[in-house]
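Novice: Using only what follows, build the 3D model:
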Amino acid sequence: MKRILITAIVAGALVQAGAASAGCFATVGLAPPPDGIGPGATWTAEMTVLQHGVTPLPNAKTARPKLTIVNDETGVRRTFVARGTKDPTVFVAEVVFPTRGSWRYEVFDDFTSWNGEPAPCAQTHTFATVSVGSPAGGGTPAPPKGTPAPSQPAEPVAAATTEPDGSFPLWPVLGGALAALAALSVSVAVLRRRRAARAPEVAVR
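Specialist: I've put the predicted structure just below:
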């Protein structure tokens, strides 16, 4: 019995070693979420899964990699199953971060079969932590609802000017003043003549 068990273990080890030497592991390429992504927004995660980093998975037609996000503070996990595309090496998952905060994510490549037979090749690939809900590119986050908008500086008021298009009645006023002055001069001259006519003549000796 012991010999049979030992033989089975050795055979299994040899099978796994042979599979590994032939490329029984996958690589996953995945760009991070866009900068400034917020909670509730959809991240279309496109992952490239390659056997030994070179060719499509042997089970690419049926493989369904899974992308899992994990909140660093609360430990909340969300898993999203990817779908295949026309390219057998590319899988897409629609990922939504439920809340703000620091999230890390990982991909289970689903390399679970080879030539129709089960294969112990699947791995989980981890990626760097991302911040969800933070402003991107140094932008300013939107103020909370109910916050009054910042006051804007008043626009400078242009100094009033007198335009020569008649906006200020310069010539009518000037003409009236000249007419009044002329009338005054005439009145003074007439008054002087009357006084001279009434005055008695003085004989000159």
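Novice: Phe97 - how many residues pack around it?
Specialist: By the other C-beta atoms under 10 Å criterion, the neighbourhood of Phe97 contains 22 residues. Placement of C-beta: from N, CA and C, glycine included.
Novice: helices or strands up against the strand ranked longest in the chain?
Specialist: Longest strand of the chain, by residue count under DSSP state E: strand 42-51. Packing partners of strand 42-51 (3 or more C-beta pairs under 8 Å, 6 or more residues apart in numbering; DSSP states H and E): strand 26-30, strand 90-96.
Novice: okay, those strands in JSON lines with mean neighbour count, distance to Val81 and mean pLDDT next?
Specialist: Formatted as JSON lines, the helices and strands packed on strand 42-51 follow (neighbours: other C-beta atoms under 10 Å; distance: least, C-beta to C-beta, whole Å; pLDDT from 0 to 100):
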{"stretch": "strand 26-30", "mean neighbour count": "18", "distance to Val81": "15", "mean pLDDT": "97"}
{"stretch": "strand 90-96", "mean neighbour count": "18", "distance to Val81": "7", "mean pLDDT": "98"}
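Novice: Make TSV out of those strands and add distance to Gly116.
Specialist: As requested, these are arranged in TSV below (distance: least, C-beta to C-beta, whole Å):
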stretch	distance to Gly116
strand 26-30	18
strand 90-96	20
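Novice: Nearest approach to Gln123 belongs to which of those strands?
Specialist: Among those, strand 26-30 comes nearest to Gln123, with 6.6 Å by C-beta to C-beta.
Novice: Each with direction, which strands does the closest one pair with?
Specialist: Within its sheet, strand 26-30 is paired with strand 42-51 (antiparallel), according to DSSP bridges.
Novice: got the buried residues for the strand it pairs with?
Specialist: For strand 42-51, burial by neighbour count (16 or more other C-beta atoms under 10 Å) applies to 43, 45, 47-51.
Novice: Now do that strand against strand 90-96: the angle between them, please.
Specialist: 150 degrees (axes from the mean of the first three to the mean of the last three C-alpha atoms, to 10 degrees).
Novice: Brilliant, that's me finished.
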